[in-house]
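1. please work out how this folds:
(chains A and B)
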Amino acid sequence: MEYDPIERLLKEADGEAGDCGRELRGVAGEARRIVRRRRMARRVVAGAAAVVLVVGAACWQWVGRGPGRETVVKRTEGGEEVRRLKAEVEELRREADWRMRLARRLMEEEEQWRRAMELRRELARGNPMEALRERVDYAAFAMVYQGDRMSRELGLAESAERLYRECSRDFPGTQWGQVARQRLAEMKERKEG
Amino acid sequence: MVVKADGSERCTASLAEAGEAEDRALVERAVGGDGGAFERLVEMHQRQVARTAYRLLGWRGEVEDVVQDVFAAALVSLKRFRWESTLRSWLTSLTVNRCRKERRRRMVRRMLWGRWGGGVRRSEQAADEAAMAGERLVRVRKAVRELAGRYREVVVLRYLEGMEINEIGKALGISRGAVEVRLHRGRGQLKETLAGLVEG
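-> Numbers count the residues shown, from 1 in each chain, chains lettered A, B, ... in the order given. Below you'll find the predicted structure:
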């Protein structure tokens, strides 16, 4: 058999330590007593827990739901208060809903208007007739502007009259054509007057 | 474990079989409510349980409470014992569990003593002084005590209780491999701690 120094040392040390002391007596009886004690302790704990639960439930019943006179009165008053508060809350909720709907509608309308303007600008940008009209309008404006400068700043009334006449003839449908006609009428009045 | 000749091995085996048969009969009677059978069982195994507990607790202190506790647990769960191991293994597993609890209890008590009771008790101090003085076997016991619980258990069960690896595995509820690993590590630690003694 193989010699194991550790095992040998352990056995020697164990042998020297000796037995565990005094002789054991009545172990079986003591074991039974321990089991009985534990069972009893478990029962006591379970019983105590049950009693605590019952007392707790009774207290809760008495405090929260007991049918005592004062409690009934308080519950009634409390009930009215609760109903009133509920009604107020409901009213506030309705008002908040209405305001919310209004705000939403205003925002929608603003959005629609913004989108319409955008669309109009888009159409104007893409329409050649509109662009041409803008140019014609600008040409009429330039002629009136030149005429005004000639008559007021340079005193060239005849040249100005000629420009106004050309403008009213070439751009009769524009607003600046109308302005040119008005200038011609004023010049005629001044001559006659 | 200890085999001297073929004849003695056969003799040991037949004795073990006879012991197990008696255990079975006693357990059946005890489960049936026979108080005398339980007393006989206790009488047969109490010395073994006490010795195992004493070793597992580091050869220190009283083990009577632990033994009583082990048999109280056995009395409660005897009905559920299915003979998947021997009665001895089963009782060893109960003892190991109770010893773990007892060690925790002692550790807490020692900590409280350390904090409020003025330090280590005199008997423990004496033992430690003896160990420091270099007494050979005291050093060995101290080394075993200082092993981590999982290593100490397998070392005690294997070398002092003479249990087989499989049996230890069943008693501790771990695999054979785990027992071997713990045993190897426990031996390694002991070798390291007892370097001078082992070589000598």
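2. so chain A: which segments form each domain?
-> A:5-125, A:132-192 (automatic domain parsing).
3. any idea which of the ones you listed is most buried?
-> domain A:132-192 (a mean of 16; mean count of other CB atoms under 10 Å in any protein chain shown). C-beta: built from backbone N, CA, C; applies to glycine.
4. what distance separates the opening and closing residues of that domain?
-> For domain A:132-192, the separation between the terminal residues is 39 Å (CA to CA, to the nearest Å).
5. list just the one of the domains of chain A that sits closest to B:L56.
-> domain A:5-125 (11.0 Å; CB to CB).
6. helices and strands around the longest helix that chain B contains, which ones?
-> Using DSSP state H to define each element, chain B has its longest helix at helix B:87-116. In this structure, helix B:87-116 makes packing contacts with helix B:6-31, helix B:35-56, helix B:64-77, helix B:149-155, helix B:165-172, judged by 3 or more CB pairs under 8 Å, 6 or more residues apart in numbering or on different chains; DSSP states H and E.
7. can I get those helices in TSV including mean pLDDT, distance to chain A and mean neighbour count?
-> Putting the helices and strands packed on helix B:87-116 into TSV (pLDDT from 0 to 100; distance: least, CB to the nearest CB, whole Å; neighbours: other CB atoms under 10 Å in any protein chain shown) gives the following:
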stretch	mean pLDDT	distance to chain A	mean neighbour count
helix B:6-31	70	10	13
helix B:35-56	89	4	20
helix B:64-77	90	4	21
helix B:149-155	91	7	21
helix B:165-172	89	14	20
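8. nearest to A:E91, out of these?
-> With CB to CB, the closest approach to A:E91 among these belongs to helix B:64-77: 68.2 Å.
9. can you check what angle separates that closest one from helix B:35-56?
-> On the basis of axes from the mean of the first three to the mean of the last three CA atoms, to 10 degrees, helix B:64-77 is oriented at 130 degrees to helix B:35-56.
10. still on that earlier bit, so for chain B, which of the domains of chain A sits nearest?
-> domain A:5-125 (3.7 Å; CB to the nearest CB).
11. is that closest one in proximity to chain B?
-> Yes. Domain A:5-125 reaches chain B (CB under 8 Å from any CB of the partner chain) through A:5-7, A:9-14, A:16-17, A:19-22, A:24, A:27-28, A:30-32, A:34-35, A:38.
12. what's the pLDDT at the residue most central in space within chain A?
-> Geometric centre of chain A, nearest residue: A:M100, 12.9 Å, by CA atoms, centre = their mean. Confidence at A:M100, expressed as pLDDT, is 86.
13. please, which helix or strand holds it?
-> In this assignment (DSSP states H and E), A:M100 forms part of helix A:69-126.
14. so which elements touch that helix?
-> Checked by 3+ CB pairs under 8 Å, 6+ apart, helix A:69-126 has helix A:128-149 packed alongside it.
15. pLDDT on the helix it packs on, on average?
-> pLDDT averaged over helix A:128-149 gives 84.
16. pull the residues that contact it.
-> Residues outside helix A:128-149 that contact it (CB atoms under 8 Å, 6 or more residues apart in numbering or on different chains) are A:123-124, A:159-161, A:163-164, A:166-167, A:170-171, A:174-177, A:179-180, A:183.
17. among those residues, which lie within helices?
-> A:123-124, A:159-161, A:163-164, A:166-167, A:170, A:175-177, A:179-180, A:183.
18. SS state for B:R82?
-> The three-state assignment at B:R82 reads coil, by DSSP: H, G, I helix; E, B strand; the rest coil.
19. between helix A:128-149 and the one helix or strand in chain A whose mean pLDDT sits lowest, find me the angle.
-> Least confident element among the helices and strands of chain A, by mean pLDDT, DSSP states H and E: helix A:69-126 (a mean of 78). Helix A:69-126 runs at 70 degrees relative to helix A:128-149, counting by the same axes, to 10 degrees.
20. show me how far stretch A:100-109 is from its chain's centre.
-> Stretch A:100-109 sits 16 Å away from the centroid of its parent chain (CA atoms, centre = their mean, to the nearest Å).
21. for stretch A:79-86, that is, sorry about that
-> With CA atoms, centre = their mean, you get 31 Å for stretch A:79-86.
22. again with stretch A:154-162
-> The mean C-alpha position of stretch A:154-162 is separated from the chain mean by 67 Å, CA atoms, centre = their mean.
23. who's in contact with that stretch?
-> Here stretch A:154-162 makes contact (CB under 8 Å, 6+ apart) with A:G147, A:D148, A:M150, A:S151, A:R183, A:L184, A:M187.
24. now the two most distant members of those.
-> A:M150 and A:L184 (13.6 Å).
25. not counting sequence-adjacent ones, nearest residue to the spatially most central residue of chain B?
-> Note on chain B: the residue nearest the mean C-alpha position is B:T52, at 3.1 Å, using CA atoms, centre = their mean. Residue nearest to B:T52 in three dimensions, not counting chain neighbours: B:T95, with 5.0 Å by CB to CB, 6 or more residues apart in numbering or on different chains.
26. how many other residues sit next to the one you found?
-> 30 (other CB atoms under 10 Å in any protein chain shown).
27. identify the residues contacting it.
-> B:V49, B:T52, B:A53, B:L56, B:V66, B:V70.
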